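Enquirer: structure, please.
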Amino acid sequence: MSGNQDTWPQQPTDAPRVPSIPLSDANLGPDGEPTIGNLVKDATASASTLFRAELALAKSELVTEAKKAGAGSGLIVGAAVLLLYASLFFFVFLGFLLDVWLPTWAAFGIVFLILMVVSIAAIFVGYLLFKKLKAPEKTIESLNTIAEVIPGRPASGGVAHPQIPPARDPMSR
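Expert: Residues are numbered from 1 along each chain as shown. A predicted model of the protein is given here:
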């Protein structure tokens, strides 16, 4: 390595690029004002970056909620399978045990009611898990703020966003 090379590490070619909106316009016209072409280019780039950022935010929020929904569904299905297989022998046993003191129809009727109560309880717990799901609040809030800054549309206070001034011909001075 020679002493003329920069001491900063080289940026890997496969490094991910983070989208950003430029803070200032480096492409000003001869009179110090941006040209129409640069304004259109910057507006297009900013809109594209904003759209991609909104999609990334929505995706991250929805993936989290989808995992919760999957866990709730898995618990409901697991509870149903467990109720079907594991309780079969217990409830047959309980029916025959109650048959010692009650008529057979009453003993197995009681077992049926117990099965119904356990099933309804499992459904209720699954419902509570689904009820805890939330809307993607950050995405909704962000989209609402975008609607407020679009030129020509009234903001939340009822005042329209200032319009871009009309273009003037630089040769007409």
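Enquirer: least confident secondary structure element in the protein?
Expert: Of all helical and strand segments in the chain, the minimum by mean pLDDT, DSSP states H and E falls on helix 137-149, at a mean of 77.
Enquirer: now the helices: where do they sit in the chain?
Expert: Using DSSP state H, the helices found in the chain span residues 36-99, 104-131, 137-149.
Enquirer: okay, now Leu115: neighbour count?
Expert: By other CB atoms under 10 Å, the residues close to Leu115 number 16. C-beta: built from backbone N, CA, C; applies to glycine.
Enquirer: cool, the one 5 residues further on as well?
Expert: Around Ile120 sit 10 other residues, with neighbours defined as other CB under 10 Å.
Enquirer: how close does Tyr85 sit to Leu98?
Expert: Distance of Tyr85 to Leu98, computed by CB to CB, to the nearest Å: 22 Å.
Enquirer: tell me which of those two has more neighbours.
Expert: The residue with more neighbours, out of Tyr85 and Leu98, is Leu98; 17 against 9, by other CB under 10 Å.
Enquirer: residues touching the more buried one, list them.
Expert: Neighbour list for Leu98: 106-108, 110-111 [criterion: CB atoms under 8 Å, 6 or more residues apart in numbering].
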